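A.B. asks: Build me a model from this:
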Amino acid sequence: MRRRDFGKLSVATLASTLLAEEAVAASSKASAAGGKTCPPPFPKVEGVTARVAGFVTHTPYGAIPESVIELGKKSILDGLGLALAGQHAESGPILLRYLDSVDSRGDCTVMGTKRTTSPEFAALVNSVAIHAEDFDDTQLSAEKTKTYGLLMHPTAPVLPAAFVLAEKLGTSGKDFMLAYHLGVEVECKLAESMAPRAYEEGFHTSAICGPFGAAAACARLRNLDVGKTRIAFGLAASASGGLREEFGTMTKPFQVGHGAENGYAAVELARLGWTAADNIIEAERGFMRAVAGTYDPAWLLEKLGAPWTFESPGVSIKPYPSGSLTHPAMTEMADLIKKHDIRPDQVAGVDVGASHNNVQTLLYHDPHTGLEAKFSMEFCMAILLLERKAGLPQFQDAVVNRPDVRAMVRKVRFHVDPKAQAAGNDKMMSIIQITLKNGQVITGQSSFGKGSPANPMSYDEVADKFRGSAEFAHWPRAKAERIIELVRTLEAQSDMRRMAALLRG
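C.D. replies: Below is the predicted model of the structure:
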């Protein structure tokens with residue numbers, strides 16, 4: 001789409017966009033108050049899918065600010081480390097046995113193993129591995145009209161799909177990073193544009209928007225034109241899906257992995273001449289109407305790369321392998337434990353207050369598996385009190401079911417707090433009260449965790465996290481250090497197959 005045509009489109013659709021913004025805000029306000037509204041009007045705006053496809057097709061590497069490139073490197077390094085660690089999650093061996101049971105021959109790297117497979121299966125398995133421990137990066141909406149939990153895990157769907165194609169084509173590091181950033185930008189702005197209904201009524205945002213991100217990245221690597229990119233989006237939309245009820249099970253990361261696989265396949269089919277709806281985002285019976293009821297098209301018409309998501313509202317890199325909504329409380333609890341030298345045998349009880357959305361999402365109040373523990377505020381508080389750390393080794397079934405852990409979990413009360421609720425859906429406020437057996441009460445509160453845009457990790461801190469993931473995967477230290485340095489200078493790398501070789505066992 002030419003710039004002057006986009007200008008005409010923006011003027012022609014401004015009224016519809018403003019109505020959409022009001023509809024989304026009204027829906028969100030009613031939701032925050034616990035009420036219901038009539039279905040809001042759906043904006044009749046044409047050209048949204050075409051605009052997104054044009055952004056993917058025409059944006060040059062030079063349009064991405066250097067600061068955004070550097071932020072992206074941290075998420076790429078983080079994702080690669082989690083791919084190594086994720087092969088050791090319970091889902092890892094199952095997926096490898098699945099590859100044994102089907103015709104999955106190919107030359108694409110299954111990260112962290114000696115295996116190679118077809119591009120589609122490599123995208124699936126590597127994506128599941130990145131998301132398996134729920135330790136991957138997150139982009140959390142900072143809009144006051146949005147539910148804070150309306151989040152994207154940006155790297156897990158996009159990185160594996162782009163990586164397998166970059167490996168297949170021998171793409172340069174610079175072209176790979178461009179594709180990665182375009183994919184992340186598309187999926188995150190798509191998520192931001194949705195009315196909260198999609199998340200609140202059960203859709204898993206990373207699974208329904210991730211296929212668009214994967215398709216965007218692969219479309220750019222394949223140099224598809226705008227028309228074929230629109231078709232790829234049509235295919236990706238029809239292959240998207242995922243439900244929040246699966247949180248705490250292996251199917252949560254499978255949903256994201258399936259999105260990476262489908263985004264890759266959508267591009268390959270589109271370039272071969274497959275047909276699909278070319279207006280799938282804005283169509284009356286299309287993606288946004290079906291999953292969200294309504295949306296704000298301005299996020300896609302005017303805000304792609306303006307600013308880039310990595311720049312604002314930013315992307316969080318997780319310090320703990322648990323749901324993002326636990327992280328403000330975990331960061332605060334860790335600080336309180338250290339500051340007051342709290343010992344487990346001193347604790348009589350813990351109260352954690354949060355918003356209704358937080359309490360509903362962290363739904364495992366009596367977890368029995370490591371996966372359930374990732375969505376249990378009670379476990380996250382308990383394990384910090386007992387071990388003063390909460391890494392990959394702590395979120396294991398055997399640890400969750402230890403008698404001392406079970407006893408401490410029962411001392412934690414997680415509830416809706418009026419103050420946290422009043423802070424708004426754009427906050428993750430957690431209010432902590434620790435009561436000791438001697439009657440002393442220790443309190444604290446936080447709305448941001450370590451690794452968030454408000455308290456970011458440096459590249460060196462992310463490198464330390466990568467080393468921890470590699471160590472958990474029993475990965476050779478020398479290889480791990482080479483990956484850290486290669487990602488640091490990724491724009492100077494001439495062929496991504498060099499990275500692929502370092503990620504094979």
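
A.B. asks: which stretches of the stretch 401-505 of the chain have low pLDDT?
C.D. replies: 425-426 (pLDDT under 70).

A.B. asks: what about the helices in it?
C.D. replies: 403-409, 418-422, 459-472, 477-488, 497-502 (DSSP state H, counting those that start in this stretch).

A.B. asks: List the buried residues in the strand or helix carrying residue 72.
C.D. replies: Per DSSP states H and E, residue 72 falls inside helix 66-86. For helix 66-86, a neighbour-count test (16 or more other C-beta atoms under 10 Å) marks 68-69, 71-86 as buried. Placement of C-beta: from N, CA and C, glycine included.

A.B. asks: Only alpha carbons, please: show it as CSV.
C.D. replies: Once non-C-alpha atoms are left out, helix 66-86 reads as follows in CSV (Å, rounded to 0.1, in the frame of the first residue of the first chain):
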residue,chain,number,x,y,z
GLU,A,66,19.0,0.7,17.4
SER,A,67,17.6,0.6,21.0
VAL,A,68,14.8,-1.7,19.8
ILE,A,69,17.4,-4.0,18.0
GLU,A,70,19.3,-4.3,21.3
LEU,A,71,16.1,-5.1,23.3
GLY,A,72,15.3,-7.8,20.7
LYS,A,73,18.6,-9.4,21.2
LYS,A,74,17.9,-10.0,24.8
SER,A,75,14.6,-11.7,24.0
ILE,A,76,16.3,-13.8,21.3
LEU,A,77,19.0,-15.0,23.7
ASP,A,78,16.4,-15.7,26.3
GLY,A,79,14.3,-17.7,23.9
LEU,A,80,17.3,-19.8,22.7
GLY,A,81,18.2,-20.7,26.3
LEU,A,82,14.6,-21.7,27.1
ALA,A,83,14.6,-23.9,24.0
LEU,A,84,17.5,-25.8,25.4
ALA,A,85,15.9,-26.1,28.9
GLY,A,86,12.4,-26.9,27.5
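
A.B. asks: What is that helix packed up against?
C.D. replies: helix 119-132, helix 155-169, helix 173-193, helix 459-472, helix 477-488 (3 or more C-beta pairs under 8 Å, 6 or more residues apart in numbering; DSSP states H and E).

A.B. asks: Just the C-alphas of stretch 155-168, formatted as PDB.
C.D. replies: Coordinates of each C-alpha in stretch 155-168 appear next as PDB, following Å, rounded to 0.1, in the frame of the first residue of the first chain:
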ATOM      1  CA  THR A 155       9.200 -14.700  21.200                       C
ATOM      2  CA  ALA A 156       7.800 -18.300  21.500                       C
ATOM      3  CA  PRO A 157       5.700 -18.200  18.300                       C
ATOM      4  CA  VAL A 158       7.900 -16.000  16.100                       C
ATOM      5  CA  LEU A 159      11.500 -17.100  16.900                       C
ATOM      6  CA  PRO A 160      11.200 -20.800  16.100                       C
ATOM      7  CA  ALA A 161       9.200 -20.200  12.800                       C
ATOM      8  CA  ALA A 162      11.700 -17.600  11.600                       C
ATOM      9  CA  PHE A 163      14.700 -19.600  12.800                       C
ATOM     10  CA  VAL A 164      13.800 -22.800  10.800                       C
ATOM     11  CA  LEU A 165      13.300 -20.700   7.600                       C
ATOM     12  CA  ALA A 166      16.500 -18.700   8.200                       C
ATOM     13  CA  GLU A 167      18.300 -22.000   8.700                       C
ATOM     14  CA  LYS A 168      16.800 -23.500   5.600                       C
END
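
A.B. asks: what residue ranges in this structure score low on pLDDT?
C.D. replies: 1-39, 142, 144-150, 425-426.

A.B. asks: any idea which residue sits dead centre in it?
C.D. replies: Taking C-alpha atoms, centre = their mean as the criterion, residue 153 is the residue nearest the geometric centre of the chain, at 0.4 Å.

A.B. asks: what's that one in contact with, if anything?
C.D. replies: Taking C-beta atoms under 8 Å, 6 or more residues apart in numbering, we find residue 153 in contact with 131, 136-139, 206, 210, 256.

A.B. asks: Next one: it from residue 162, what distance?
C.D. replies: 15 Å (C-beta to C-beta, to the nearest Å).

A.B. asks: go on, residue 178?
C.D. replies: Counting by C-beta to C-beta, the gap from residue 178 to residue 162 is 10 Å.

A.B. asks: Could you do residue 203 as well?
C.D. replies: From residue 203 to residue 162 the distance is 24 Å (C-beta to C-beta).

A.B. asks: between the two, which one's more packed in?
C.D. replies: The neighbour count for residue 203 versus residue 162, taken as other C-beta atoms under 10 Å, is higher for residue 162 (34 against 22).

A.B. asks: How is the protein divided into domains?
C.D. replies: Residue ranges for each domain of the chain read 65-276, 324-446, as given by automatic domain parsing.

A.B. asks: rewinding a little: so can I have CSV of the helices of the stretch 401-505 of the chain showing distance to residue 106?
C.D. replies: Below are the helices of the stretch 401-505 of the chain laid out as CSV (distance: least, C-beta to C-beta, whole Å):
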stretch, distance to residue 106
helix 403-409, 42
helix 418-422, 49
helix 459-472, 25
helix 477-488, 22
helix 497-502, 12
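
A.B. asks: Quick one: distance of stretch 228-242 to the chain centre.
C.D. replies: Distance of stretch 228-242 from the chain centroid (C-alpha atoms, centre = their mean, to the nearest Å) equals 19 Å.

A.B. asks: C-alpha coordinates for that stretch, PDB please?
C.D. replies: C-alpha atoms of stretch 228-242 as PDB (Å, rounded to 0.1, in the frame of the first residue of the first chain):
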ATOM      1  CA  LYS A 228       0.500 -13.300  -0.800                       C
ATOM      2  CA  THR A 229       1.200 -12.000   2.700                       C
ATOM      3  CA  ARG A 230      -2.500 -11.200   3.000                       C
ATOM      4  CA  ILE A 231      -3.300 -14.700   2.000                       C
ATOM      5  CA  ALA A 232      -0.800 -16.100   4.500                       C
ATOM      6  CA  PHE A 233      -2.700 -14.100   7.200                       C
ATOM      7  CA  GLY A 234      -6.000 -15.600   6.100                       C
ATOM      8  CA  LEU A 235      -4.500 -19.100   6.500                       C
ATOM      9  CA  ALA A 236      -2.900 -18.200   9.800                       C
ATOM     10  CA  ALA A 237      -6.200 -16.900  11.200                       C
ATOM     11  CA  SER A 238      -8.100 -20.000  10.300                       C
ATOM     12  CA  ALA A 239      -5.400 -22.200  11.900                       C
ATOM     13  CA  SER A 240      -5.200 -20.200  15.100                       C
ATOM     14  CA  GLY A 241      -6.600 -21.300  18.400                       C
ATOM     15  CA  GLY A 242      -6.000 -21.800  22.100                       C
END
